[in-house]
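Undergrad: all I have is the shape, not the residue letters:
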């Protein structure tokens, strides 16, 4: 069966996820590798999320470093599993998103696919988002079609929730096209806040958030943002939800303990997800969670409390490791591109129609 690699580097900027899959009619995960993002590269990529001096040159240098890291991981993963490079049909490389502004007609991922071909000897499919944007879509989220292929059930209304830096939902109802959208912040504000106050990359198990108390006035102010009232198709990113956005709201609040702010940010993530889900899909029987947020036990408990009539669980419990769903998705998207299979969903992104996604760089 054909082998594909998927490389995913999300908005959390914590590292690269690499998945090796076998793909024909079904998808089978063969192996995985995670590479932490070096601090210098993470800072460089984060700096590209807003305008700054000499950003074109900085972007070109950062994407070379990103590709070198990806190639290192790919070669290591293939060696671990005794797989020759020439037996892999293609790499699906998402690249690193540095700007996502579909309302202005663009979504930019850097990742120099030509260099990745040279360093691995494997064909690369990349640039998955721009065709959908060109067709009037949001260019995101792209994973709902893959979620549909993996998790749809003929007799069950389900939702798949990915919690990375941002959270997105895929809505799966029998005999209906998949729907989906970005809900809002996932881990992005939680990670940024604990980094500012404790120097940590993330809140392990949501323990710091659990030590604080939700501040209702701040929560209501955050939820008043027009993004949460908008209906899908919609997508978002660091351009909107960032520490400057949070600081602006906090200026109108009394001084708050840092742990209370963290508790409020976790509640913002949970409420924005569950309110969006209840508004878009009634009677969800099962909410399956993937991405880094699936490991935040405090957040998972809160989601279960807010969705008492749904079974809330990790995708691990359904045979697909939560940490690897997105990397698998981009391997699958590479397969779709090479086979000429449209992989966007207009019901998700708002594009004018189905499109084959990705640009091919042959080995």
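TA: Alright, I've got the coordinates. No experiment lies behind these values; they were computed from the predicted model shown.
Undergrad: those strands in this protein, which residues are they?
TA: Applying DSSP state E to the chain gives strands spanning 3-9, 15-23, 27-36, 88-101, 106-110, 124-126, 158-163, 166-172, 179-185, 286-290, 311-314, 359-361.
Undergrad: looking at those strands, which is closest to residue 206?
TA: Closest approach to residue 206 among the strands of the chain (C-beta to C-beta): strand 158-163, 11.5 Å. C-beta here means a position set from N, CA and C on the backbone, and glycine is covered the same way.
Undergrad: next, format the strands of the chain as TSV and append mean pLDDT and mean neighbour count.
TA: As requested, those are exported to TSV (pLDDT from 0 to 100; neighbours: other C-beta atoms under 10 Å):
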stretch	mean pLDDT	mean neighbour count
strand 3-9	97	27
strand 15-23	97	23
strand 27-36	96	16
strand 88-101	95	24
strand 106-110	94	19
strand 124-126	98	28
strand 158-163	96	27
strand 166-172	96	27
strand 179-185	95	26
strand 286-290	97	24
strand 311-314	97	17
strand 359-361	98	16
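Undergrad: okay, the ones you listed in TSV with distance to residue 261 next?
TA: Compiled in TSV, the strands of the chain are given as follows (distance: least, C-beta to C-beta, whole Å):
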stretch	distance to residue 261
strand 3-9	28
strand 15-23	26
strand 27-36	27
strand 88-101	25
strand 106-110	30
strand 124-126	38
strand 158-163	19
strand 166-172	19
strand 179-185	13
strand 286-290	24
strand 311-314	25
strand 359-361	42
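Undergrad: any weak-confidence spans in the stretch 201-350 of the chain?
TA: Applying pLDDT under 70 to the stretch 201-350 of the chain flags no residue at all.
Undergrad: out of the strands of the chain, which gets nearest to residue 350?
TA: strand 179-185 (9.4 Å).
Undergrad: report the strands that pair with that closest one, each with its relative direction.
TA: strand 166-172 (antiparallel) (DSSP bridges).
Undergrad: next, the angle strand 88-101 makes with the strand it pairs with.
TA: Relative orientation of strand 166-172 versus strand 88-101 (axes from the mean of the first three to the mean of the last three C-alpha atoms, to 10 degrees): 120 degrees.
Undergrad: and the angle from strand 166-172 to strand 286-290?
TA: 140 degrees.
Undergrad: surely residue 325 meets residue 291?
TA: Yes - in terms of C-beta atoms under 8 Å, residue 325 counts as a neighbour of residue 291; the distance is 7.2 Å.
Undergrad: identify the contacts common to those two.
TA: residue 162 (C-beta atoms under 8 Å, 6 or more residues apart in numbering).
Undergrad: quick one: the helices in this structure?
TA: When secondary structure is read from DSSP state H, the chain shows helices at 39-47, 55-80, 113-120, 130-134, 144-151, 188-198, 207-211, 216-223, 226-229, 243-250, 258-280, 297-306, 325-339, 346-349.
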